[in-house]
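In: Pasting the sequence and the predicted model now:
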Amino acid sequence: MVLFFVFYDSNVVAVGNCADINWDEHELGFSPVPTDFMYVMKCAKGDKFSQGSLVPYGNIEISPFAVILNYGQGIFEGLKAYRTEDGRILLFRPEENAQRMKIGADRLCMPSPSIDQFVTAVKQTVLANKRWVPPLEKGTLYIRPLLIGTGASLSLTPAPEYTFLIYCTPVTSYHKSSLNLKVESKFHRAITGSGGTGGIKSVTNYAPVYTAITEAKANGFSDVLFLDSATGKNIEEVSSCNVFVVKDNVISTPETNGAILPGITRKSIIDIALDLGYEVMERTISVEEILVADEVFCTGTAVVVNSVSSVTYKETRAEYKTGAETLSEKLRKTLVGIQTGCVEDKKGWTLRVD
Ligand SMILES: *Cc1c(COP(=O)(O)O)cnc(C)c1O
């Protein structure tokens, strides 16, 4: 067994490789499995982030006045570390997550780590938790960077102190099979247009969709497809992933207009589809249109590329092609191939960690 050493507070901690975890025993899914280390970096309002460190994974202590707890001043990110066939560890476009966090931080009046600080911190976190990166066929290590206002304030002012924190956990697939989506006509995910926060990974974006998701799941659906809040006529995205429709071999996805989260998977799938010679359009898509599509699929770091088997809008249920012969499966295979080092990475999307 190969051992490497992590230096932390002058203690030397030996961390094994993944051989000491029985991956076949783990029913991972997307549940919280604690790992060994997390990364923490703090910064006062008006300052720049400078120096962070790895600390043992565990609870964090913050003031009840912390702005993140009271007013939700926080941005989250999500990316994965992939194990290749020969045991290397790769990240996929981590600088895109760094960039997106920066945009979100600007919107919520927070300082953010530089692109380089972000990527270096992610690499360090993965290396310290190396034994938790599952082998190729067994899953991936999901990495969750958080940028939160941890300083105390009761008034409506940005927090006096910020914490950039990264933790990670091994995961397998988010959804076990293709999705049955319900079009939500009562609740909205985001304000349509560029004035809201739908286009950033604000921690405040998810709790408001729990009602819709819970109700949909109780009725046998996998997830919810949201409509624009201005007209209620056009599709925007699923609660935590972007949506694509395929009709006559043309691929379309709603344009990112401020209400739609600009997914890195979305962007990568558009590029892969164009490279494979498909026509791709970013445009307004009405709910009527999705009901007559040939194929529908969702994209996101957690769900990767997930086929949709049905979309239900009021009394109408549309069904779509799924399985090995679909375009979404072809795109998924190419994306996962690049992410796991099985397909040549011609675009420099992957970053080796170890
Ligand atoms: C994170 C997220 C996505 C997917 O983005 P990726 O960068 O592909 O992981 C899509 N929609 C919402 C609402 C999200 O929060």
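Out: Looks like it arrived, so ask away.
In: Tell me how far the residue nearest the centre of the chain lies from Phe221.
Out: Against the mean C-alpha coordinate of the chain, by Cα atoms, centre = their mean, the closest residue is Gly78 at 3.8 Å. As judged by Cβ to Cβ, to the nearest Å, Gly78 and Phe221 stand 23 Å apart. To be clear about C-beta, it is placed using only N, CA and C from the backbone, and glycine gets the same treatment.
In: Where does the residue lying closest to Ile200 once chain neighbours are set aside fall, secondary structure wise?
Out: Leaving aside its sequence neighbours, Ile200 sits nearest to Gly104 (Cβ to Cβ, 6 or more residues apart in numbering; 3.6 Å). Gly104 belongs to helix 94-107 when assigned by DSSP states H and E.
In: again with Glu289
Out: helix 287-290.
In: quick one: buried residues of that helix?
Out: By neighbour count on 16 or more other Cβ atoms under 10 Å, the buried set for helix 287-290 is Val287, Ile290.
In: again, but for stretch 288-300
Out: Buried, per 16+ other Cβ under 10 Å, within stretch 288-300: Ile290, Leu291, Ala293, Glu295, Val296, Phe297, Cys298, Thr299, Gly300.
In: picking that back up, tell me if I'm right that the residue nearest to Ile200 and Thr204 touch.
Out: No - counting by Cβ atoms under 8 Å, Gly104 sits too far from Thr204 to count as a contact (11.0 Å).
In: one step back: could you list every helix and strand in contact with the helix holding Gly104?
Out: Using 3 or more Cβ pairs under 8 Å, 6 or more residues apart in numbering; DSSP states H and E, the elements in contact with helix 94-107 are strand 74-76, helix 115-128, strand 140-149, helix 264-275.
In: ok, now with 7 Å
Out: strand 74-76, helix 115-128, strand 140-149 (3 or more Cβ pairs under 7 Å, 6 or more residues apart in numbering; DSSP states H and E).
In: List of residues touching that helix?
Out: Here helix 94-107 makes contact (Cβ atoms under 7 Å, 6 or more residues apart in numbering) with 75, 77, 79, 111-112, 115, 118-119, 122, 145, 147, 197, 200-202, 262, 264, 351.
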